[in-house]
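S.K.: my questions concern the predicted model and sequence given below.
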Amino acid sequence: GCLSRGAGAAGRRPSGPDMRLWLFLRLWSLLWHLGLPVVLVYLWRRGRKDPLYAQHLGERLGRYRQRKTGAVWTGAVWVHAVSLGEMRSAVPLVRALLDRGDRVVTTHFTPAGRREAERVFAAEIGQGRLAAVWSPVETSWAYAGFFRAFRPRAGLVMEIEIWPRMIFAARGAGVPLFMCNAQYPTKSMARDAKFGLRHKLMQGFAGAFVKSDLQATRFAGVGVRNIVVTGELRFDQPVPPDLVAAGVALRPVLAGARPVITFASAVEGEDALYLDAITAALAHPSRPFVIYVPRKPERFDEVAGMLAARGLRFLRRSQSLDATLGAPRLPLVAEGGHPPDVLLGDSLGEMYFYIALADRVVTGGGFTPHGAHNIIEPLALKRPVIVGPEIHTIEYPAVEAIAEGVCLRVATAQALTRALTDWPGPGPEAIQVFFDAHSGATAKTLAALDAQVKTT
């Protein structure tokens with residue numbers, strides 16, 4: 001089977017370090033086969049909240065309708081973007097591949113990632129130039145079905161997703177698989193150093209297209225080959241002009257002359273800290289207007305309850321602004337008839353609108369062990385960014401942005417409270433210089449892919 005490749009020849013047990021990998025891969029395969037009913041029940045239960053989870057289940061088992069037209073997908077480029085964030089970072093690259101005539105297959109695990117692909121590339125899907133499908137479960141027969149339906153000339157795994165069966169199934173099918181837009185966070189390095197198996201799995205990739213020189217050194221240190229520094233694809237993401245225009249137009253209506261602070265992608269576990277800081281900021285003479293955007297839609301109502309419990313005067317975007325972000329539904333007053341202090345961003349796909357409203361942006365996640373989220377969207381709109389202490393998830397470009405003064409890292413809740421009103425922040429010119437210096441990853445990734453596939 002495909003697992004035998006790279007971990008000893010079929011029918012021959014390896015020795016030494018490869019023995020551990022050989023045993024792990026067989027245990028991994030056994031667990032997936034035994035646990036497959038649990039996976040299907042999980043998808044069914046998630047499907048009760050989001051029906052897309054339970055749709056197209058055959059794809060997860062390696063049964064794709066594209067198999068009937070498999071010749072169309074021979075030589076396509078396969079892009080694995082597990083969820084929304086990975087798909088958004090892949091958009092510039094996928095667009096460039098399509099523009100030069102490539103066909104593209106994107107695979108996803110979550111509905112958010114698949115929907116983003118279907119939304120952005122609806123025309124190309126209709127033309128038969130792009131297919132957005134579920135990634136197969138981690139079994140040899142499911143991946144065999146995937147490779148029968150799609151015969152890509154190369155695969156790109158966005159960020160750092162280590163799926164053992166995916167790696168060795170691609171090797172068995174003769175498909176060079178590359179980590180793309182990759183970074184190796186410090187916390188992951190410390191965890192992996194205790195075991196080493198993850199390093200052996202990484203060595204199964206055909207190569208890695210990484211975000212920075214530091215990341216190249218880290219991957220090389222664990223035995224990954226064919227490493228090329230290509231930068232961060234998110235710097236090349238298209239900015240939706242309609243959302244930016246709506247933010248600029250509605251800012252004076254919502255906030256008047258008050259400064260505006262957007263909390264983008266606030267995650268569970270940091271709301272209390274953020275709401276404390278917001279309450280303190282509202283007591284400052286500048287009295288900023290606050291946009292508060294939870295990361296997950298299932299938290300919208302919960303966060304609304306938190307705002308109400310704090311006595312904060314707030315509006316919900318879903319109730320106060322129309323679907324097109326045109327004229328607001330007047331009057332814009334909170335409960336009790338008072339002018340609002342907070343707009344709860346209870347909508348999807350409108351982050352650039354919320355950022356365009358702001359003078360500065362707090363990116364969520366940095367006050368939890370999971371780590372901060374993307375700071376590039378605010379920087380794209382020339383907004384200064386504030387992050388919490390945990391930046392291992394965005395080490396690049398956060399370290400560079402902090403060094404250049406376009407991002408502020410605060411270690412405590414008290415420091416965050418002060419930063420909301422007292423940090424002067426950089427001007428848009430300084431942010432533009434930083435942004436320009438780090439753009440261009442799409443072209444570099446295409447060049448690296450072409451060079452590596454020719455030589456792999």
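M.R.: Yep, that arrived.
S.K.: number of residues surrounding residue 413?
M.R.: Look at residue 413: counted by other Cβ atoms under 10 Å, it has 16 neighbours. C-beta here means a position set from N, CA and C on the backbone, and glycine is covered the same way.
S.K.: so it is in contact with residue 275, correct?
M.R.: No: at 10.6 Å, residue 413 and residue 275 do not qualify as touching, with contact defined as Cβ atoms under 8 Å.
S.K.: so what sits against both of the two?
M.R.: Residues touching both residue 413 and residue 275 (Cβ atoms under 8 Å, 6 or more residues apart in numbering): none.
S.K.: buried residues in stretch 115-126, which are they?
M.R.: For stretch 115-126, a neighbour-count test (16 or more other Cβ atoms under 10 Å) marks 115, 116, 117, 118, 120, 121, 124, 125 as buried.
S.K.: how about stretch 363-383?
M.R.: Counting neighbours by 16+ other Cβ under 10 Å, one finds that the buried residues in stretch 363-383 are 363-367, 370-383.
S.K.: do a quick rundown of the strands in the stretch 51-200 of the chain.
M.R.: Ranges of strands in the stretch 51-200 of the chain, per DSSP state E, counting those that start in this stretch, are 77-80, 104-108, 130-134, 154-158, 177-182.
S.K.: can you add mean pLDDT and give the ones you listed back as CSV?
M.R.: Shown next, in CSV, are the strands of the stretch 51-200 of the chain (pLDDT from 0 to 100):
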stretch, mean pLDDT
strand 77-80, 98
strand 104-108, 98
strand 130-134, 98
strand 154-158, 98
strand 177-182, 97
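S.K.: so which of those strands gets nearest residue 298?
M.R.: Among the strands of the stretch 51-200 of the chain, the nearest to residue 298 by Cβ to Cβ is strand 104-108 (18.9 Å).
S.K.: other SSEs contacting the closest one?
M.R.: strand 77-80, helix 84-99, helix 111-120, strand 130-134 (3 or more Cβ pairs under 8 Å, 6 or more residues apart in numbering; DSSP states H and E).
S.K.: would you mind saying which of those lies nearest residue 406?
M.R.: Comparison of these against residue 406 by Cβ to Cβ identifies helix 84-99 as nearest, at 19.6 Å.
S.K.: list the buried ones in that closest one?
M.R.: The neighbour-count check on helix 84-99 (16+ other Cβ under 10 Å) flags 84-98 as buried.
S.K.: please name every helix or strand in contact with that helix.
M.R.: strand 77-80, strand 104-108, helix 111-120, strand 154-158, strand 177-182, helix 441-455.
S.K.: so for it, mean pLDDT?
M.R.: Mean pLDDT, computed over helix 84-99, is 95.
S.K.: what angle sits between that helix and strand 130-134?
M.R.: Interaxial angle of helix 84-99 relative to strand 130-134 (axes from the mean of the first three to the mean of the last three Cα atoms, to 10 degrees): 150 degrees.
S.K.: which residues touch helix 84-99?
M.R.: Counting by Cβ under 8 Å, 6+ apart, 77, 79-81, 104, 106, 108, 110, 112-113, 116-117, 120-121, 124, 129-130, 156, 158-159, 161, 180-181, 232-234, 236-238, 373-374, 441-443, 445-446 sit against helix 84-99.
S.K.: could you pull out the helices for the stretch 151-300 of the chain?
M.R.: Counting by DSSP state H, counting those that start in this stretch, one finds helices in the stretch 151-300 of the chain at the ranges 164-172, 186-193, 197-202, 213-221, 241-255, 271-282, 300-309.
S.K.: so of the ones you listed, which one's packed in deepest?
M.R.: Highest mean neighbour count of the helices of the stretch 151-300 of the chain: helix 164-172, a mean of 23 (counted as mean count of other Cβ atoms under 10 Å).
S.K.: for residue 109, which non-adjacent residue is spatially closest?
M.R.: In space, residue 109 comes closest to residue 82 once its chain neighbours are excluded; the distance is 4.8 Å by Cβ to Cβ, 6 or more residues apart in numbering.
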